[in-house]
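Engineer: Sequence and predicted structure below; questions after.
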Amino acid sequence: MKILVIHGPNLNLLGKREPEVYGCTTLDEINQQICELSKDLGIEAEIFQSNSEGEIVDAIQKKTYNLLIINPAAYTHTSVAIRDAISAVGRPAIEVHISNIHKREDFRKTSYIAGVATGQISGLGAEGYLLAVRASQKILNG
Ligand code: DQA
């Protein structure tokens, strides 16, 4: 069982970027927690970060995973291409946001991804990724 975790644009800056919104945990620290939990649960995890929409679409299309966990970051609110890629591959996808996108500016309340995702986790900080890993085990094992 393999999951692909995709972090979208600017998430490479976590820890330094608006800590009052996104917290002080760095992306490396989050990735380490994802790897440790996945290992404990017997799940293989591949992790990918990109600031480029096309690279994210390419990674989704590779279909080398059973389930996708994705924080599309700003592309959440704009990207028909990422939505279509998730739809096209037909793999379950969990959308994760560190901040609560429904409590912020109006433009963040619309997710192009939610309609093709199995579920969305928003506003629980870095813990959201770990909840998504736990949920992925349940989704894949039925
Ligand atoms: C985000 C929320 C998005 O609105 C924003 O553009 C991000 C991060 C989050 O994790 O809270 O870059 O996806």
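Structural biologist: Noted; the coordinates are in hand.
Engineer: Could you list the low-confidence segments of the protein?
Structural biologist: Nowhere does the chain drop to pLDDT under 70.
Engineer: Spell out which residues of this structure are next to the ligand.
Structural biologist: For the chain, the residues in contact with the ligand (C-beta under 6 Å from any ligand atom) are 10, 71, 73-74, 76, 97-99, 101, 108. The way it works is simple: take the backbone N, C-alpha and C, and place the C-beta from them, glycine included.
Engineer: Take the residues you listed and keep only those in strands.
Structural biologist: Judged by DSSP state E, the subset of these located in strands is 71, 97.
Engineer: Please report which of the residues of the chain next to the ligand has the highest neighbour count.
Structural biologist: When those are compared by neighbour count (other C-beta atoms under 10 Å), N71 ends up highest, at 26 neighbours.
Engineer: That residue contacts N12, correct?
Structural biologist: No. N71 lies out of contact with N12 (C-beta atoms under 8 Å); the separation is 11.7 Å.
Engineer: if I pick the closest residue to Q49 other than its chain neighbours, what's in contact with it?
Structural biologist: Computed as C-beta to C-beta, 6 or more residues apart in numbering, the closest residue to Q49 that is not its neighbour in sequence is H7, at 4.1 Å. Residues in contact with H7, defined by C-beta atoms under 8 Å, 6 or more residues apart in numbering, are 27, 47-50, 71, 73.
Engineer: Could you list which of those residues belong to helices?
Structural biologist: Judged by DSSP state H, the subset of the contacts of H7 located in helices is L27.
Engineer: Now, of the contacts of H7, which are buried?
Structural biologist: 27, 47-50, 71, 73 (16 or more other C-beta atoms under 10 Å).
Engineer: so which two of these are the farthest from each other?
Structural biologist: I47 and A73 (14.6 Å; C-beta to C-beta).
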